[in-house]
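>>> Provide a 3D model corresponding to the input given below.
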Amino acid sequence: MDQPHVLKPTIALHAISLAVLFGSLVFISGSIASLFVLWDPCAVLGGVVFLPISLAFGVNQYRGTYHRNRAAANLTAILLFGSGGTIAFGFGILLGQVLLRGGDIQGTPFLLSFAFSAFCLIAGWMNLQWSRRLVQAGVSAQNMDLRGQFTLREMLFAVLALSVVTILVAGAVRSTPRQFAEHVARDEAPLDLPTSARDVCFCQGSRGTIACEF
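Numbering: from 1, shown residues only. This is a model prediction of the structure:
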C-alpha cells in the first residue's frame, strides 16, 4: 500500500495536470476578456458563466494533484467527464447529421472536437485513478489542504498564472474588433472581406449581427 507521505503523482498525471491548468488559464482569460465587450450581452453572459467553471477546473486540478485532495480529484474527474461527454455527444449528433445529408466533413473542426473530447475523458480517468490511489493509501478526503500557508512553489505558480492571464486578457481585448468603425482597413473588420476591400465601415449588433460596407 502506498503511504500518504511518499505517494507521488505519476509523470503522466503531472503532464495532464499541467495541460488542464494551462487550459483553465486560457478559458479564465477568455472569460475575463469577454466581460470587457460591454455592448455584447451574449459575450458578457458567457464570461459570467464560464469564469467560475474555468476557475473550478484549475483550482481543483491543482488541489487534487499537488495537495493530494481526494474530493478535489473526484470533482475534477466529474468536470472533465462531463465536458468530454458533452462534446462527444454534440460531435456524434453533428457527424450523424452530416452523414445523413450527404455533406462533406470539414476535417479540422471535427478533429479538434474529437481531440478535445478524448483529452477530457483521458484526463478525467487519470484523476479518478489518482483518487483511488489516495483512497488505497488512506489519505483523508481533505488531506494537506488545511495547512494555512503557501509554499514558495505555490507563490511562484500564482505569479506565473497571474502573468499568463494578464497577457492573454490584454491580447484578447486588443484584438477584439470595436462595435463600430468607419473608414478603416480591411484587416480591422470583424469578418473576412475580399482582398481588394478598402475604406471599410462596419457595425456589430448585440445579437451577433454585422453590417458592413466597403
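>>> where does residue 212 land in three-state SS?
For residue 212, the reduced secondary structure class is strand; criterion used: DSSP: H, G, I helix; E, B strand; the rest coil.
>>> correct me, but it touches residue 205?
No - using C-beta atoms under 8 Å, residue 212 makes no contact with residue 205, being 11.5 Å away. The way it works is simple: take the backbone N, C-alpha and C, and place the C-beta from them, glycine included.
>>> how about the helices in this protein?
Using DSSP state H, the helices of the chain run over 11-34, 41-66, 70-101, 107-136, 152-175.
>>> possible to save the ones you listed as CSV with mean neighbour count, mean pLDDT and distance to residue 189?
Conversion of these to CSV gives the following (neighbours: other C-beta atoms under 10 Å; pLDDT from 0 to 100; distance: least, C-beta to C-beta, whole Å):
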stretch, mean neighbour count, mean pLDDT, distance to residue 189
helix 11-34, 18, 94, 20
helix 41-66, 18, 91, 18
helix 70-101, 16, 86, 28
helix 107-136, 17, 88, 23
helix 152-175, 13, 89, 13
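>>> These: which one's closest to residue 186?
Comparing these against residue 186 with C-beta to C-beta, the closest turns out to be helix 152-175 (15.5 Å).
>>> tell me the contacts of the residue nearest the centre of the chain?
Note on the chain: the residue nearest the mean C-alpha position is residue 27, at 3.8 Å, using C-alpha atoms, centre = their mean. For residue 27, the contact set (C-beta atoms under 8 Å, 6 or more residues apart in numbering) comprises 50, 53-54, 57.
>>> again with residue 91
The neighbourhood of residue 91, defined by C-beta under 8 Å, 6+ apart, consists of 110, 113-114, 117.
>>> that older thread, TSV please, covering the contacts of residue 27 and showing distance to residue 44.
Supplementary listing: these in TSV, determined by distance: C-beta to C-beta, whole Å:
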residue	distance to residue 44
50	11
53	15
54	15
57	21
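>>> which outside residues touch stretch 198-209?
Counting by C-beta under 8 Å, 6+ apart, stretch 198-209 makes contact with 39-42, 177-186, 188-191, 193, 210-214, all of which sit outside it.
>>> What average pLDDT does that stretch get?
Mean pLDDT, stretch 198-209: 84.
>>> Could you export that stretch as CSV, keeping only the C-alpha atoms?
Once side chains and other backbone atoms are set aside, the C-alpha atoms of stretch 198-209 remain, and they are given as CSV (Å, rounded to 0.1, in the frame of the first residue of the first chain):
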residue,chain,number,x,y,z
ARG,A,198,-10.8,49.2,-48.6
ASP,A,199,-12.4,52.1,-46.8
VAL,A,200,-14.4,49.7,-44.6
CYS,A,201,-17.3,50.7,-42.4
PHE,A,202,-18.9,48.2,-40.0
CYS,A,203,-21.2,48.0,-37.1
GLN,A,204,-21.8,44.9,-34.8
GLY,A,205,-25.1,44.3,-33.3
SER,A,206,-25.8,42.9,-29.8
ARG,A,207,-27.1,39.6,-31.2
GLY,A,208,-24.1,38.8,-33.4
THR,A,209,-25.3,40.7,-36.5
